[in-house]
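Peer 1: Quick one: sequence and predicted model below, then my questions.
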Amino acid sequence: MPLHIVTIVGSLRKESFSLKIANAFARLAPSSLKLEISTLHGISFFNQDLEATPPADWLAFREKLQKSNGVLFVTPEYNRSIPGVLKNAIDVGSRPYGKSSFNGKPVGIVSNSPGPLGGVSAAKHLQNILPGISGPIMQQPEIYLNGVGDAFDAAGNLTKEPMQKVMQQYIDAFAAFVERHNG
């Protein structure tokens with residue numbers, strides 16, 4: 001049975017590059033992984049006052065994470081960091097204190113940008129945020145996808161062959177990483 005990976009898309013835009021990349025990873029993933037694409041449209045703002053009776057959307061998101069075998073973040077870079085909607089989802093999933101739903105889950109981080117830097121600052125911020133609330137973070141290979149603006153056709157298919165090769169290497173390495181950490 002394939003290992004279940006929650007693939008968190010850090011952008012809300014309907015035609016976001018992050019969503020297209022997540023879908024491309026789902027198609028490229030080896031049969032040992034099943035990627036569930038998770039957008040963040042329905043997650044309400046974190047407010048610690050609501051912890052006594054958490055909203056249903058928080059509970060559903062936490063349960064999805066808890067039932068998974070790993071988490072793959074696919075994020076753009078906003079103002080040299082991660083989008084607020086992604087930070088909010090991490091805050092929701094990491095609570096209540098000491099009971100993070102990310103805890104123990106192997107993590108992969110994929111950043112992207114139409115520009116030349118590939119969202120490296122966003123990836124580095126995730127690497128700073130996640131220790132202490134997640135499981136092991138895959139360190140190698142790192143992946144910062146740049147020039148993603150012309151990587152997809154009108155139907156959302158990945159057409160940039162060099163990017164596809166890099167993504168294939170990454171998802172294959174991530175599958176091996178997740179398998180190691182799921183014994």
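Peer 2: Nice, I can see it.

Peer 1: Would you map the strands across the protein?
Peer 2: 3-9, 33-38, 70-76, 107-112, 144-145 (DSSP state E).

Peer 1: for the second one, packing partners?
Peer 2: For strand 33-38, the contact count by 3 or more C-beta pairs under 8 Å, 6 or more residues apart in numbering; DSSP states H and E identifies strand 3-9, helix 17-28, helix 56-66, helix 161-181 as packing neighbours. In this view, the C-beta of every residue, glycine as well, is placed from N, C-alpha and C.

Peer 1: Distance-wise, check the most centrally placed residue in the chain relative to residue 24.
Peer 2: For the chain, the residue nearest the mean C-alpha position is residue 73 (1.3 Å; C-alpha atoms, centre = their mean). Residue 73 sits 15 Å away from residue 24, going by C-beta to C-beta, to the nearest Å.

Peer 1: cool, residue 85 as well?
Peer 2: Residue 85 sits 21 Å away from residue 24, going by C-beta to C-beta.

Peer 1: Please identify which of the two sits among more neighbours.
Peer 2: The neighbour comparison of residue 85 against residue 24 (other C-beta atoms under 10 Å) goes to residue 24, with 22 against 19.

Peer 1: Test my guess that the more buried one contacts residue 168.
Peer 2: No: contact criterion C-beta atoms under 8 Å: residue 24 and residue 168 do not qualify, at 9.7 Å.
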